[in-house]
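1. predicted model follows, preceded by the sequence.
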Amino acid sequence: MKKLFSAIVRYGPWPLRIRASAYEHSPAATVMAIGFGGLLVGLLTAAVFLAASMLLPNRIALLISLCAGLAASMPRPAAGLHQPALSGQSALALALMLMIKLEAVSEIEPEWSPIILICSATWARCATLAIRPNTVTGLGSVSAGPRAICLLIGAIPMLFFGLWPEPAWGLWMAAVVVLVISRLLNASGWNAPIVVRWILAETVYCVCVIVLMSAAAIAEITEEDSADS
């Protein structure tokens, strides 16, 4: 447990001033710690959005929170998680996905936005880490047990928000889509930092949620019209 906690400190969304050689962690502990880091990033993004929305328009507050979440997701060299350099093409892809996520979450009711921000950040990170034994460049193979725990960590927000305040089946369907897409992305042929995969999975999650919510709203309106007629 102590090793897991120190790994969370190492890979969490905050500046690290401790040398990476100060402590070493197994690939299993690293994967679970990064999963917890995704939960922390989601909570941070939602907190920034709620704070900014008190002073700024909803769209601007959302943009600020997404930028804060992206900055917190970037792997830091001091943590020892060696990743390929962020090329111009990868940076352009990140910016494009950030704008797509902004447009998707902007279409959701403001009270749902923090929920989607938390669920998308947590599940996207855990799904990309847990779906294959080798998902992080240079980390090594991770057994099925730690990867299953990582998926459970990713499901924590959905287990909470999916049951309270009301059933949110769209969150789970979006999670399945992200899991399938993460499985199709072969890490060995991925030349961009893992953060690009994380943001891609978050974007897919948000787009799926807005599509499912829109479809449910249209179906509900159609049923009401049929009942009235």
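-> That came through, no problem.
2. for the strand or helix carrying Ile34, packing partners?
-> Per DSSP states H and E: Ile34 is located in helix 27-53. If contacts are counted by 3 or more C-beta pairs under 8 Å, 6 or more residues apart in numbering; DSSP states H and E, helix 27-53 sits against helix 2-11, helix 58-73, helix 113-130, helix 144-161. C-beta coordinates here come from the backbone N, C-alpha and C atoms, glycine included.
3. average pLDDT for it?
-> Averaging pLDDT along helix 27-53 gives 88.
4. could you do stretch 144-154 as well?
-> 88.
5. one step back: want to throw the helices and strands packed on helix 27-53 into JSON lines with mean neighbour count and distance to Ala201?
-> Listed next are the helices and strands packed on helix 27-53 as JSON lines, based on neighbours: other C-beta atoms under 10 Å; distance: least, C-beta to C-beta, whole Å:
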{"stretch": "helix 2-11", "mean neighbour count": "17", "distance to Ala201": "17"}
{"stretch": "helix 58-73", "mean neighbour count": "19", "distance to Ala201": "11"}
{"stretch": "helix 113-130", "mean neighbour count": "28", "distance to Ala201": "3"}
{"stretch": "helix 144-161", "mean neighbour count": "18", "distance to Ala201": "10"}
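6. could I get those as TSV with distance to Thr45?
-> Conversion of the helices and strands packed on helix 27-53 to TSV gives the following (distance: least, C-beta to C-beta, whole Å):
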stretch	distance to Thr45
helix 2-11	17
helix 58-73	4
helix 113-130	5
helix 144-161	12
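7. and stretch 149-160, C-alpha only, in CSV?
-> Provided in CSV are the C-alpha atoms of stretch 149-160 (Å, rounded to 0.1, in the frame of the first residue of the first chain):
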residue,chain,number,x,y,z
ILE,A,149,-8.0,-3.1,-10.7
CYS,A,150,-7.2,-0.2,-12.9
LEU,A,151,-10.5,-0.7,-14.8
LEU,A,152,-12.3,-0.8,-11.4
ILE,A,153,-10.7,2.6,-10.5
GLY,A,154,-11.9,4.0,-13.9
ALA,A,155,-15.4,2.8,-13.1
ILE,A,156,-15.6,4.5,-9.7
PRO,A,157,-17.1,7.8,-10.9
MET,A,158,-19.6,5.9,-13.1
LEU,A,159,-20.6,3.6,-10.3
PHE,A,160,-21.4,6.7,-8.2
